[in-house]
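>>> Here is a sequence with its predicted model. Questions after.
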Amino acid sequence: MRKLSKKEVSTFLKKAYRFFKDKRNQLLFKKLPKEKSRSKKKHRLVTVMGKYDCDGYNETISVDYRYEIVPSIIHETLHALHEKWTEKKVYKEEKRYLKSLTQKQALNLLRCFLDNLR
Ligand SMILES: [Zn+2]
């Protein structure tokens, strides 16, 4: 898996900050209920660490504080920025961003998310 360039990382961070600061978007930090699995084992409930919702106008990113916070923020932000990406693609890119972000960038991303909770 190729690491992302500094330029790719900073472009993502800029877009993420713009999304977080946009007052039309809602950022939530809360317990998320388990959901029914979309796979064959339909009766099973799966843990939801984060969620991205869009009702056509308002966009919401929710992160469950009981789980992995920074990976969830990156994951749901990628959903928000690339609505057409599949779950598989978002998951793969999430891992690349996690690998490529510096400690300082991860801290700033987390800080900006938390500062804009609403
Ligand atoms: Zn997802």
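That came through fine. Numbers count the residues shown, from 1 in each chain.
>>> residues near the closest residue in space to Asn25 that isn't next to it in sequence, how many?
Nearest residue to Asn25, sequence neighbours excluded (CB to CB, 6 or more residues apart in numbering): Glu59, at 4.8 Å. For the C-beta atoms, the positions are set from N, CA and C on the backbone; glycine is no exception. Using other CB atoms under 10 Å, Glu59 is surrounded by 18 other residues.
>>> and Glu59, what are its bridge partners?
Beta-bridge pairing of Glu59 under DSSP bridges involves Asn25, Cys54.
>>> you'd agree it is up against Leu81?
No: between Glu59 and Leu81 there is no contact under CB atoms under 8 Å: 10.2 Å.
>>> Regarding Ile61, what is its secondary structure?
For Ile61, the secondary structure call by DSSP: H, G, I helix; E, B strand; the rest coil comes out as strand.
>>> just checking, it touches Asn25?
Yes: with contact defined as CB under 8 Å, Ile61 counts as touching Asn25 (7.3 Å).
>>> overlap in contacts of the two?
Phe19, Ala80 (CB atoms under 8 Å, 6 or more residues apart in numbering).
>>> Nice, that's everything, thank you.
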